[in-house]
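Asks: A structural model of the following input is requested.
(one chain, ligands or ions: 2)
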Amino acid sequence: MPELMIKLPSDVKEIIGAFEDAGFEAYAVGGCVRDSLLGRAPSDWDVTTSAKPEDTKRIFGRTVDTGIKHGTVTVLRGKRAYEVTTYRIDGEYSDQRHPDKVLFTDDLKEDLRRRDFTINAMAWSDRTGLVDVFGGKEDLERRLIRAVGDPYERFSEDALRILRAVRFSAQLGFEIEEQTQMAAGQLSYTIGAVSAERVRDELMKILLSPRPYYLKKAWELGITAEVLPELDRCMECGQNNPHHIYSVGEHILHSLEHIAPDPALRLTMLFHDMGKPDKKTVDENGVTHNKGHAEVSCDLAGVIMRRLKFDNATVSVVKRLVKWHELRLPETKAAVRRSMNRVGKDVFPLLFPVKLADTLAQSDYMREEKFAHYARIRELYEEILKDGDPVTLKELAVTGEDLIERGVTPGPEMGRILGEMLNEVMDDPSKNEKEYLIGKYAGK
Ligand code: ATP
Ligand code: MG
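Replies: Ligands and ions are numbered 1, 2, ... in the order given. As a prediction, this is how the structure comes out:
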């Protein structure tokens with residue numbers, strides 16, 4: 001590692017300086033120190049200080065009471081926001097969400113001691129340099145996730161830390177230190193008590209990391225058994241089929257690595273085959289099949305995403321992608337237009353990366369043929385877009401108003417007529433002419 005020097009952004013320098021001028025201590029702390037030492041750009045800069053929240057508010061004026069009970073005040077500087085937290089000692093997290101009570105302290109060491117992992121428990125100020133009481137720098141060099149203090153105690157205080165260990169391991173490509181890993185495995189059964197939102201946020205960080213495959217570690221440690229048991233069933237579901245080389249679970253884990261780190265896409269790969277265990281059959285040759293699994297996967301995706309409190313927009317996109325991930329189409333424009341209509345024009349193009357990722361995590365049996373097919377469908381899709389062919393009611397040359405003018409009453413009858421019109425123009429876009437369509441379908 002290079003000579004130790006962290007370059008603080010000017011805002012953070014000024015915040016720390018203002019505290020010091022007022023007679024308090026202040027440091028950049030946690031993730032930003034870790035990331036700086038790793039030569040990565042920190043996602044945000046947190047500050048820890050001996051000043052109490054009311055002092056922070058007095059010194060800075062433009063602040064927000066973000067978590068005042070836990071000593072956190074957000075300091076606003078221009079368009080940026082910095083979380084400033086008073087040195088504190090945490091009590092137990094009996095609600096698995098917040099420490100029951102926090103005690104403020106004047107001792108930076110006490111504040112660092114409450115933090116989860118050694119690599120997250122370092123502080124920096126230009127005046128003092130690096131404060132590293134628990135060997136965080138050494139663990140960064142050894143690429144290890146190690147609990148601060150007794151891992152068993154630390155995981156008992158807050159079980160989310162078990163999932164966080166996997167998360168940091170996936171983000172950084174680090175191993176989990178042996179004792180820490182052992183405690184994680186012994187206590188993973190307690191993670192069910194953690195709030196769904198906290199679990200969701202850490203799960204997403206694993207999925208969006210450069211190593212989503214590390215979700216396997218969560219399975220090995222018994223974490224998914226508590227929060228995503230559907231994955232465990234997949235890990236136990238073998239496949240004996242020329243298209244596959246992995247169990248369903250291994251296939252899912254590998255497929256994650258073949259798609260961009262976008263929330264909807266990674267979630268789609270996580271769920272796409274989860275219905276397979278329910279639909280598994282073995283034929284007379286011992287070959288396994290999972291006919292109809294996409295529908296079951298789609299239902300499971302909905303159930304799991306609701307359980308983990310995902311937003312409706314994400315649920316809608318992911319469910320549609322999962323439902324249609326097996327889609328096979330004749331290589332004709334009419335078929336592609338109909339699919340765009342059925343899947344949704346917004347979601348349809350996302351099926352391309354999904355199908356590629358799915359295929360790349362399969363055996364190479366017929367792989368070239370599969371890719372060639374996707375490429376042809378994509379060409380047709382792009383021509384349809386370029387030509388502006390109608391695939392939705394919005395793009396039909398006839399509107400509901402037009403029909404009302406001709407005496408059709410709004411309701412099922414109108415829906416049926418518009419549907420028939422769209423049906424025809426999806427086969428032949430040149431028929432998307434108001435006069436023609438009205439004459440044929442709504443003529444008196
Ligand atoms: P990221 O770059 O993803 O934000 P981070 O290390 O900043 O990573 P946060 O969740 O933002 O992670 O937490 C900030 C810091 O607060 C951590 O570095 C750690 O010191 C401490 N921390 C966060 N959550 C916990 C927890 N559950 N138990 C103990 N310490 C925690
Ligand atoms: Mg952070």
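Asks: neighbours around the residue in the stretch 1-150 of the chain positioned nearest to ligand 1, how many?
Replies: Taking Cβ to the nearest ligand atom, ligand 1 has its nearest neighbour within the stretch 1-150 of the chain at Gly31, 2.3 Å off. For every residue, glycine as well, the C-beta is placed using N, CA and C. Close neighbours of Gly31, defined as other Cβ atoms under 10 Å, add up to 17.
Asks: Quick check: end-to-end length of stretch 235-248?
Replies: For stretch 235-248, the first-to-last residue distance is 6 Å (Cα to Cα, to the nearest Å).
Asks: Not counting residues beside it along the chain, what's closest to Ile89?
Replies: Closest residue to Ile89 apart from its sequence neighbours, by Cβ to Cβ, 6 or more residues apart in numbering: Leu103 at 4.6 Å.
Asks: one step back: which residues are in contact with the residue of the stretch 1-150 of the chain closest to ligand 1?
Replies: By Cβ atoms under 8 Å, 6 or more residues apart in numbering, the contact set of Gly31 is 42-44, 46, 120.
Asks: 10 Å - rerun?
Replies: 40, 42-46, 119-120, 168 (Cβ atoms under 10 Å, 6 or more residues apart in numbering).
Asks: Near ligand 1, which residues of the stretch 101-250 of the chain are found?
Replies: Residues of the stretch 101-250 of the chain lying close to ligand 1 by Cβ under 6 Å from any ligand atom are 115-116, 120-121, 158, 160-161.
Asks: tell me the two of those that are most distant?
Replies: The largest separation in these, counting by Cβ to Cβ, is between Ala121 and Leu160 at 16.4 Å.
Asks: Who has more neighbours out of the two?
Replies: Neighbours per residue, other Cβ under 10 Å: of Ala121 and Leu160, the larger number sits with Ala121, 28 against 22.
Asks: Identify the residues contacting the more buried one.
Replies: 29-30, 33-34, 109, 111-115, 131-136, 139, 146-149.
Asks: Same question for His243.
Replies: 251, 358-359, 362-367, 370.
Asks: What's the local residue count around the residue nearest to it when sequence neighbours are not counted?
Replies: Closest residue in space to His243, ignoring its immediate chain neighbours: Gln362 at 5.1 Å, by Cβ to Cβ, 6+ apart. Using other Cβ under 10 Å, Gln362 has 20 neighbouring residues.
Asks: isn't Gln362 right next to Lys370, touching?
Replies: Yes - using Cβ atoms under 10 Å, Gln362 is in contact with Lys370, at 8.4 Å.
Asks: Closest one of the contacts of Gly31 to Pro412?
Replies: Nearest to Pro412 among these, with distances taken as Cβ to Cβ, is Ser43, at 51.8 Å.
Asks: What pLDDT is listed against the closest residue to that closest one other than its chain neighbours?
Replies: Closest residue to Ser43 apart from its sequence neighbours, by Cβ to Cβ, 6+ apart: Gly31 at 7.0 Å. pLDDT, Gly31: 98.
Asks: One more: Arg97?
Replies: Reported pLDDT for Arg97: 64.
Asks: Show me what whichever strand or helix holds Met182 is packed up against.
Replies: Per DSSP states H and E: Met182 is located in helix 178-187. In terms of contacts (3 or more Cβ pairs under 10 Å, 6 or more residues apart in numbering; DSSP states H and E), helix 178-187 is packed against strand 144-145, helix 151-157, helix 160-172, strand 175-176, helix 215-220.
Asks: which residues sit against it?
Replies: 116-118, 144-148, 150-156, 159, 161-166, 169, 175-177, 191, 217-218, 220-223.
Asks: Got a quick PyMOL command for the buried subset of those?
Replies: Typed into PyMOL, the line below selects the buried ones among the contacts of helix 178-187, using 16 or more other Cβ atoms under 10 Å:
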select buried, resi 116+117+118+144+145+146+147+148+151+152+154+155+156+159+161+162+163+164+165+166+169+176+177+191+217+218+221+222+223
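Asks: how about the helices and strands packed on helix 178-187, which one is nearest Arg200?
Replies: helix 160-172 (10.3 Å).
Asks: CA atoms only: put that closest one into PDB for me.
Replies: C-alpha atoms of helix 160-172 as PDB (Å, rounded to 0.1, in the frame of the first residue of the first chain):
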ATOM      1  CA  LEU A 160     -27.500  -8.100  10.200                       C
ATOM      2  CA  ARG A 161     -23.700  -7.900  10.600                       C
ATOM      3  CA  ILE A 162     -23.600 -11.600   9.400                       C
ATOM      4  CA  LEU A 163     -25.100 -10.600   6.100                       C
ATOM      5  CA  ARG A 164     -22.900  -7.500   6.000                       C
ATOM      6  CA  ALA A 165     -19.800  -9.700   6.200                       C
ATOM      7  CA  VAL A 166     -20.900 -11.500   3.000                       C
ATOM      8  CA  ARG A 167     -21.700  -8.200   1.400                       C
ATOM      9  CA  PHE A 168     -18.300  -6.700   2.100                       C
ATOM     10  CA  SER A 169     -16.700  -9.900   1.000                       C
ATOM     11  CA  ALA A 170     -18.600  -9.700  -2.300                       C
ATOM     12  CA  GLN A 171     -17.900  -6.000  -2.900                       C
ATOM     13  CA  LEU A 172     -14.200  -6.300  -2.100                       C
END
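Asks: confidence score at the spatially closest residue to Ser125 that is not a sequence neighbour?
Replies: Computed as Cβ to Cβ, 6+ apart, the closest residue to Ser125 that is not its neighbour in sequence is Tyr27, at 4.6 Å. On pLDDT, Tyr27 comes in at 98.
Asks: Check which helix or strand the closest residue to Gly344 other than its chain neighbours maps to.
Replies: Spatial nearest neighbour of Gly344, chain neighbours left out: Arg320 (5.9 Å); criterion: Cβ to Cβ, 6+ apart. Assigning secondary structure by DSSP H and E places Arg320 in helix 312-324.
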